[in-house]
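> Here is my input; please provide its structure:
(chains A and B)
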Amino acid sequence: MINMTGDGSRMTAEISGDIDHHAARELRRELDDMITRCQPEMLVIDMGKVGFMDSSGIGLILGRLRAVRAYGGDIVIKNASREIEAVIRISGLSGLIAEGEKNETGVT
Amino acid sequence: MKRELLNECRLSFAPLSVNEAFARSTAAAFAAQCDPTVKEISEIRTAVSEAVTNAIVHGYRGCTGLVELHMRQYSGGLLSISVKDRGTGIADIGQAMTPLFTTAPDEERSGLGFSVMESFMDRVTVKSAPGKGTTVTLEKRLSGRIPESSGQGD
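Numbers count the residues shown, from 1 in each chain, chains lettered A, B, ... in the order given. As a prediction, the model looks like this:
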């Protein structure tokens, strides 16, 4: 489930629940609907209410990143837990995590 | 060191995506009996989710059967979880394990499943034959309550 807020040019998508292969399809649909409608310059993905994410979440973020960057927009990830950040780090997408939020621990 | 089997659990389920959460939660519950840290539990949950998703998305693409989860706890804090399907199988295991390689880019599979498994577990072994199916075995030595000076997080 996603709670979308914002003024159109800056949108926040607050995702709740687990992000896995099962959930990704519906999340993808909801995000793509909003992206097509608003073409936000900045899309903030708020992970504060996400309890679990595996590499399906990476596919989801990457797909949206391509769509948003295609028209010159960008994505920032906010409130990712340490566990979710560990998965994001493997994908090389750490650059999307909002500055000042990066958990520097656990790097090996 | 000879490892002694202390506990064991087998579970079979239909290859439906709704069972991904069920499988990883069950694996986490089994692992919880081995006194893991919060970080270890989270890593196991994620690695199992990746392996089970692979079995459902790739193993049973175009055919069906059961996904079999076999969880074993050994002495010395060693946990072993294998995820088996009797589906398609993998012709080139090395290629399948290469980061970013995927046979389903249109479904936005990132190709990072094995990278996540390898990063979160101590050992990942894959046995597969085309037409026979695939078994992925995930192994992790849990720190348990053995006193450690640092790096244990929680």
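
> then the longest strand seen in chain A to PDB, C-alphas only?
The residue-count maximum for a strand in chain A (DSSP state E) belongs to strand A:42-53. Only the C-alpha atoms of strand A:42-53 are listed here, as PDB (Å, rounded to 0.1, in the frame of the first residue of the first chain):
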ATOM      1  CA  MET A  42      11.500  14.700  -7.200                       C
ATOM      2  CA  LEU A  43      10.000  11.500  -6.000                       C
ATOM      3  CA  VAL A  44      10.700  10.700  -2.400                       C
ATOM      4  CA  ILE A  45      10.200   7.000  -1.500                       C
ATOM      5  CA  ASP A  46       9.600   6.800   2.200                       C
ATOM      6  CA  MET A  47      10.500   3.400   3.500                       C
ATOM      7  CA  GLY A  48       9.600   4.200   7.200                       C
ATOM      8  CA  LYS A  49       6.700   1.700   7.200                       C
ATOM      9  CA  VAL A  50       8.400  -1.100   5.200                       C
ATOM     10  CA  GLY A  51       9.100  -4.000   7.400                       C
ATOM     11  CA  PHE A  52      10.900  -6.200   4.800                       C
ATOM     12  CA  MET A  53      12.500  -5.700   1.400                       C
END
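
> Next one, pLDDT for B:R145 please.
Here the pLDDT value assigned to B:R145 is 55.

> And the next helix or strand past the longest helix anywhere in chain B?
The helix that spans the most residues within chain B, counting by DSSP state H, is helix B:38-54. Counting by DSSP states H and E, the element after helix B:38-54 in chain order, helix or strand, is strand B:67-74.

> is any part of that following strand close to chain A?
No: under the criterion of Cβ under 8 Å from any Cβ of the partner chain, strand B:67-74 makes no contact with chain A; the nearest approach is 12.9 Å. (C-beta placed from N, C-alpha, C; glycine too.)

> So for the longest strand of chain A, what gets flagged as buried?
A:L43, A:V44, A:I45, A:D46, A:M47, A:V50, A:F52, A:M53 (16 or more other Cβ atoms under 10 Å in any protein chain shown).

> Might one say that the last one is in contact with A:V87?
In this case it means A:M53. Yes: contact between A:M53 and A:V87 holds when scored by Cβ atoms under 8 Å: they sit 5.7 Å apart.

> Assign a three-state SS to the nearest residue to A:R28 once chain neighbours are set aside, would you?
Leaving aside its chain neighbours, A:R28 sits nearest to A:L60 (5.8 Å; criterion: Cβ to Cβ, 6 or more residues apart in numbering or on different chains). Following DSSP: H, G, I helix; E, B strand; the rest coil, the label given to A:L60 is helix.
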